[in-house]
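**Q** Return a 3D structure for these sequence lines:
(chains A and B)
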Amino acid sequence: MLNFILTIIIMMLASYLPRVIPLVFVRKEIKSVFLKSVLAYMPYAVLASLTFPSIFYSTGNLITASIGTVVALVMSIFKVNMAIVAVVCVALVYGLGFVI
Amino acid sequence: MKRLRFINGIKDGLPICFAYLAVSFTFGLQAVKGGLNAFWATLISATNITSAGQFAGLKMIQDGSYFLLVGVAVFIINSRYMLMSLSLSQNLPKHYGTKKRLVMSMFVTDEIFAVSYSKGKNINFRYFMGLSLTPFLGWTIGTLLGGLINSLLPTSLSLAMGIALYCMFIAIIVPPATKSFSISVCIAISILLSCIFYFVPYLNKVPFGITVIICSLISAIATALIFPIKEES
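**A** I've put the predicted structure just below:
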């Protein structure tokens, strides 16, 4: 139990520290074009590597997950709201699970 | 441009709130399935407010990992927030004090950052808090519901919900990518590297949290070298 509570506390710190350190301690404007560009691209880079290829193995069925991925991509190209994208894909993968 | 107010934030936060409800519901579901109770799962969500970090942390708790190791892995996955906070800090009014910054820091997530970053230098404390409020509630309440309803859901449905998190990520990165060639290149490099670490023998032994950092650093740096962003837009 002690180990578990320590885990909860350390997870909280590991989530808060990366966010708070730059916001509180780095207030000067960054002049470097290179550094600014890296920062601007970083969120896309992180989310892309988190998502692929893991998404194909996220439902326990490669085929339904792949169809879900394609549908999510198409909906996102048409700028459908992310909540709707998520719910539609879950429903689709669930439905396809009975067929495939 | 008009000054952004609390209520503008609430309005922009609602879509994030609904997405979070779906994804955190999955988190609550998986947490309880893995032996945590709904209370602990909700406490983790309320204090972490991060999707990928929590899912990874949960997996490690269920594997019985030592708490320091869980902390290191979660920190590495969350280190992308350093870069987001850094970008956000650049756009905040310089006179903002430490107290405001301490509060805002709790709510820097991929989605909240993406929306607030799109506002450029117009971002302010009130707007940011409005933006964060409903996603925070959605994230916490969704976890609680997922934890409580867990036993009532068929396994096939909870398996299907595994894709929710990734769909949300896709919906964040694809629209800007359709407008910007350089962002598309960055995403492509990142996916390529990630696939290499996933499939190539030996490389696929590298812990997940570390591969995410390697892939994203290399692709963001490479893209910044090829397509430096010259003008503040």
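**Q** Restricting to C-alpha, output the lengthiest helix in chain A in CSV.
**A** In chain A, assigned by DSSP state H, the helix with the most residues is helix A:2-25. Only the C-alpha atoms of helix A:2-25 are listed here, as CSV (Å, rounded to 0.1, in the frame of the first residue of the first chain):
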residue,chain,number,x,y,z
LEU,A,2,2.8,2.4,0.9
ASN,A,3,4.4,1.6,-2.5
PHE,A,4,1.1,2.4,-4.2
ILE,A,5,0.6,5.7,-2.5
LEU,A,6,4.2,6.7,-3.3
THR,A,7,3.5,5.8,-6.9
ILE,A,8,0.4,8.0,-7.0
ILE,A,9,2.5,10.9,-5.5
ILE,A,10,5.4,10.4,-7.9
MET,A,11,3.1,10.3,-10.9
MET,A,12,1.6,13.6,-9.8
LEU,A,13,5.1,15.1,-9.6
ALA,A,14,6.1,13.6,-12.9
SER,A,15,3.1,15.2,-14.5
TYR,A,16,3.4,18.6,-12.8
LEU,A,17,7.1,19.3,-12.9
PRO,A,18,7.6,19.2,-16.7
ARG,A,19,4.8,21.7,-17.0
VAL,A,20,5.6,24.1,-14.2
ILE,A,21,9.4,24.5,-14.6
PRO,A,22,9.4,26.2,-18.0
LEU,A,23,6.3,28.3,-17.2
VAL,A,24,7.8,29.7,-13.9
PHE,A,25,11.5,29.8,-14.7
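**Q** Now do it, average pLDDT.
**A** Averaging pLDDT along helix A:2-25 yields 92.
**Q** Show me the contact partners of it.
**A** Contact partners of helix A:2-25, identified using C-beta atoms under 8 Å, 6 or more residues apart in numbering or on different chains, comprise B:40, B:43-44, B:47-50, B:53-54, B:57, B:61, B:66-68, B:70-72, B:74-75, B:78-86, B:88-89, B:92, B:98, B:101-102, B:104-106, B:108. In this view, the C-beta of every residue, glycine as well, is placed from N, C-alpha and C.
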